[in-house]
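Q: Predicted coordinates and the sequence they were generated for:
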Amino acid sequence: MGQHISDAEIFLEEFICLEGCGSHTQDSCFCGSNEPLLYRCKDCHGAELVCCQCILHIHQQQPYHRIKYWNSHFFQTTSLKSLGLWIQLGHCLASNDDFVVIDVNGVHTVGLDFCGCETAELQVTQLLQVRLFPATTILSFKLKASALEFYHTVVQLTDNTGVHIPKVHGWRFLKQMKQSGQGHHPGTIAATQPGACAVMCPACPHPGKNLPDDWASAPPASKFLYALFLAINTNFRLTQHNVSSDTVNPGLNHGYAFFMEETAYKYFLKSHERTVQERSTCSNHNTVNLADMKASHGLAATGTGTIDCAQHNFKQPNSVGDLQKGERYINMDYMFFLSMQSASTLQVINISYNIACQWSKHLWTRMSAFPQQYHLDHNTKAITFLVPKFHLPTHILSCQMTYSFNFIKGVGRTDGEAPEHRWANINPVATSTRKMGPGSRHDTLDDHFNDWNWKNWNNHSRNSFDLGKTLARKLKAAFLQHLKHTHNLNDFKAALDPSQLACWKQDIKAWESDCSKPNLFELKVTTSVRLSLPKAEANKLECGTSMSLHDDISPPMLISSGLKLKDQQYSTLWQCINSLRRCIDTWLHVQLLYMPCVSRLHSSDYITTKPKVHSINLLLLSAIPSGLPCKEHLLNYEWDLREAQANDALHDIHHVLNMKYHLYKHKDAFIRGQRANTRATGILNNVDNQIDTLAAKYNAAWNALVKLAPRLQKDNDWKLTFKQLNHAKDAVLLRQDDRSTIGQQTVSWIWKTHGVSTNTEYGLQDSLPHRWEEEIQLLREEMRRVLAFFEWQAVWWDAQSSQHAFRLPEAAEGGAAYACRQASLRRSMASHFRSMWDAIPSW
């Protein structure tokens, strides 16, 4: 290992030499022709340049080799087919110009002529006879096999005896150094900075690279465009067995890519190993409460913690570390503060973490235990802590409101779940790395993380993020969703009282500017109409205008208690029937004082027959024939109370529907096994029964209003507020699980009812078009940053050709050629993305 490290710079310079023509040039080709010597085979032995005719002649029997062409600046890829090489099977020609061969060294387009004789075999037979048959290439990044497993596979194909096994080490490290430009650095490998070898996210803000010159002085309303979105997460599948040590297997990376430098990290953890983990005050988060108790017997690492780009699914440089027990704050704090060193100048930072409500509480207090170079000047920055959308329903209600991406200004439609998408790609490598030494494991995972980030640029995998297409697709969707939710919001506003609407708007703006103020999105208990009627009756008593005929029961109290008794008729337990009957009897006697007309409607034998308590007709005003005389003030009292009853029923339906949503989420996420699922299903059935009861209660109030309206000469305007409830169609969730997100759903009228919809429901509806508008602005800015990043990186590579004083002139030529090729690659990517996005109107 020590010998390899000392020779690494020599190896790296020789690698760079191969990027140019080097010493492999001569005046004429060995065939004697005067054609220019421009071609080199990547798979043949040696690196000599030959003419076009010789490269074709040499490869008559090697048609699947990879050919490089010198374009006077760098070697670019070409194919033997484009140079004129064709494969002939048999005799007469039967051309096939679209033939693709997958070989162990790549995918090749070839020109192939089948035999066209009358006696020729089937074409598939002709292919099999020359050993062309369906196969797949063995790629470490696709199969997630370790470098050792891939190496042994190739060795087995070469020599299956196990006698002649060559020694190979460090190939990935040298390739990483070359591809990140460290071979061009004046200080070479020794001067490599932390995170310098990581493939960066081009859409994230990088001061000095892809941000406007005046970004720091942007007005407050636009600062969110230059925010950094981070996601903190852990993976407990990426374990490491205690099979080696840093001394025996130190690794070649020292914080150069994604894993942090181990010595300082472990020293800090050792000096704070007695730190006690704070307990959660939210839900019973095992992540927090059991962090010090996770089983670690026989393990050097119980998992891995990471800091990711929360929007584009890129690993952040120098932001990955091993966990020695569970998800302890001390580990995650170190990763966070180290990651923030590369973004210390940014002014707006949004941090997503599934336990953000707990982790963020004393973060700045815990920061005092860190060395000064890790401190973050948080007082001069707008730092927002959020919980990923999928994890949020498991938190208590106050956390669901305070840490929701749906309500926080400036976050667009970010969901914070980016790391969860990525683990599916990296988890298969866990079985290969868990028994590696610490250095080899870190180097391997660094390489896989870099591979993922690079594939997100270029779409080399169907499982990758595909930056260009994803940003285009999201922008198109955002245009449509913003239009739809703006229309929904206008409908919602039309159902609200203008003065109340203005008050709620002020509350929203106040909370968005200062989150310490009352949160509009938290549910609040509203004052019932039932409280206002007794107050009005008390005022009448003071003025001497009261029409009460009973010392203890006023007219409003009579109607209100009658409605309560009617509800109890359908919900009272058998043990309470006698008590309910006594209450009803008392109420009926008082009713005769205020409504003597009902005496003729009660059956004459009521006293003797005593019907069942559930079937007693209380004969409220809405239930008696319109021809019977009734006091108008009693009709008005019932009208007001029926409106209140309808309001309360809708409000309760809102509450139960929200409860049903979270119960479903909890069941899907945590309930396993037949017994637990049966109990959970029973609870959900009870919730459905509550919704049925509340829907019946609302419809009873609505039917009463229908009967009272003509007697009070009410117009039909009240029907614009209260509509007949269709249980199946209207009593639906504000957040529906129909494969659409909260931001994509339409809203039932029950959530838009005047006087019923709370500030919470208005806040949600008001936030949706604003979040989609922010999403459009963020996506446009991200697209601009991607193009600017590629242009900056192309210029950076242009400058690298003269940065390092190579020992050999051939290395200087190779270095210039490699830098030119990398710059050309970035410019072609920028051109490709620009042409893709130009097809989107007004992007």
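A: Good, I have the coordinates. Note that this is a predicted model, so its numbers are computed, not measured. Numbering: from 1, shown residues only.

Q: Near the nearest residue to residue 22 once chain neighbours are set aside, how many residues? Count them for me, please.
A: Once flanking residues are discounted, residue 22 sits nearest to residue 810: 3.8 Å by CB to CB, 6 or more residues apart in numbering. (Glycine included, C-beta is placed from N, CA and C.) Neighbourhood size, residue 810 [other CB atoms under 10 Å]: 21.

Q: For residue 810, pull up the helix or strand it's in.
A: Using DSSP states H and E, residue 810 maps to helix 809-837.

Q: List the buried residues of that helix.
A: Using 16 or more other CB atoms under 10 Å as the test for burial, helix 809-837 gives 810-827, 829-830, 833, 837.

Q: swap in stretch 335-347?
A: 335, 336, 337, 338, 339, 340, 341, 342, 343, 346, 347.

Q: which residues does the first one contact?
A: What that stands for is residue 335. Going by CB atoms under 8 Å, 6 or more residues apart in numbering, residue 335 touches 232, 260, 305, 306, 307, 319, 320, 321.

Q: what sits against the last one?
A: Okay, so that is residue 321. Per CB under 8 Å, 6+ apart, neighbours of residue 321: 259, 260, 265, 304, 305, 331, 334, 335.

Q: OK, contacts around the third one?
A: Going back to what we said before, that points to residue 265. 321, 334.

Q: Can you give me the pLDDT of it?
A: For residue 265, the pLDDT comes out at 93.

Q: For the helix or strand hosting it, C-alpha coordinates in PDB please.
A: Counting by DSSP H and E, the element that carries residue 265 is helix 262-271. Output of helix 262-271 as PDB, limited to C-alpha atoms (Å, rounded to 0.1, in the frame of the first residue of the first chain):
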ATOM      1  CA  GLU A 262     -11.600   9.400   9.300                       C
ATOM      2  CA  THR A 263      -8.900  10.500  11.800                       C
ATOM      3  CA  ALA A 264     -10.400  13.800  12.800                       C
ATOM      4  CA  TYR A 265     -13.900  12.300  12.700                       C
ATOM      5  CA  LYS A 266     -13.100   9.400  15.000                       C
ATOM      6  CA  TYR A 267     -11.000  11.600  17.300                       C
ATOM      7  CA  PHE A 268     -13.900  14.000  17.800                       C
ATOM      8  CA  LEU A 269     -16.400  11.100  18.500                       C
ATOM      9  CA  LYS A 270     -13.900   9.500  21.000                       C
ATOM     10  CA  SER A 271     -13.700  12.800  22.900                       C
END
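
Q: Tell me the buried residues in that helix?
A: 262, 265, 268, 269.

Q: Same check on stretch 19-36?
A: Residues of stretch 19-36 classed as buried: 19, 20, 21, 22, 24, 29 (neighbour count, 16+ other CB under 10 Å).

Q: Could you check how far it is from the centre of its chain?
A: 54 Å (CA atoms, centre = their mean, to the nearest Å).

Q: After whichever strand or helix holds residue 634, heading C-terminal, what element do we hit next?
A: According to DSSP H and E, residue 634 maps onto helix 632-670. Beyond helix 632-670 on the C-terminal side, the first helix or strand identified by DSSP H and E is helix 674-711.

Q: Would you pull up how far the helix or strand following that next one lies from the middle of the chain?
A: Next along the chain after helix 674-711, taking DSSP H and E as the criterion, comes helix 718-721. Mean-position distance between helix 718-721 and its chain equals 40 Å (CA atoms, centre = their mean).

Q: CA atoms only for helix 718-721, dumped as CSV, please.
A: Output in CSV follows, covering the C-alpha atoms of helix 718-721 (Å, rounded to 0.1, in the frame of the first residue of the first chain):
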residue,chain,number,x,y,z
TRP,A,718,-78.2,29.8,2.0
LYS,A,719,-78.1,26.9,-0.4
LEU,A,720,-74.9,28.3,-1.9
THR,A,721,-73.3,27.7,1.5
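
Q: Where does pLDDT dip in the stretch 201-350 of the chain?
A: Within the stretch 201-350 of the chain, the segments meeting pLDDT under 70 span 283-296.

Q: how about the helices in it?
A: With DSSP state H, counting those that start in this stretch, the ranges of helices along the stretch 201-350 of the chain come out as 262-271, 286-289, 329-340.

Q: Roughly how far does the residue lying closest to residue 70 once chain neighbours are set aside sit from residue 54?
A: Nearest non-adjacent residue to residue 70, counting by CB to CB, 6+ apart: residue 38, 4.7 Å away. According to CB to CB, to the nearest Å, residue 38 and residue 54 sit 11 Å apart.

Q: element containing residue 472?
A: Applying DSSP H and E, one finds residue 472 within helix 467-494.

Q: so what does that helix touch, helix or strand wise?
A: helix 759-800, helix 809-837 (3 or more CB pairs under 8 Å, 6 or more residues apart in numbering; DSSP states H and E).

Q: same question for the first one, mean pLDDT?
A: Just to be clear, that refers to helix 759-800. Here the average pLDDT along helix 759-800 is 87.

Q: From the contact counts, what lies against that helix?
A: helix 467-494, helix 498-513, helix 809-837.

Q: List just the one of those that sits closest to residue 191.
A: helix 809-837 (15.8 Å; CB to CB).

Q: ok, the buried residues of stretch 19-36 vs residue 797, which is closest?
A: Using CB to CB, these come closest to residue 797 at residue 19, 12.3 Å.

Q: And the strands in this protein, which stretches?
A: 39-41, 67-70, 75-78, 86-88, 93-103, 106-115, 228-235, 240-241, 299-301, 303-309, 315-323, 348-353, 382-386 (DSSP state E).

Q: Many thanks, have a good one.
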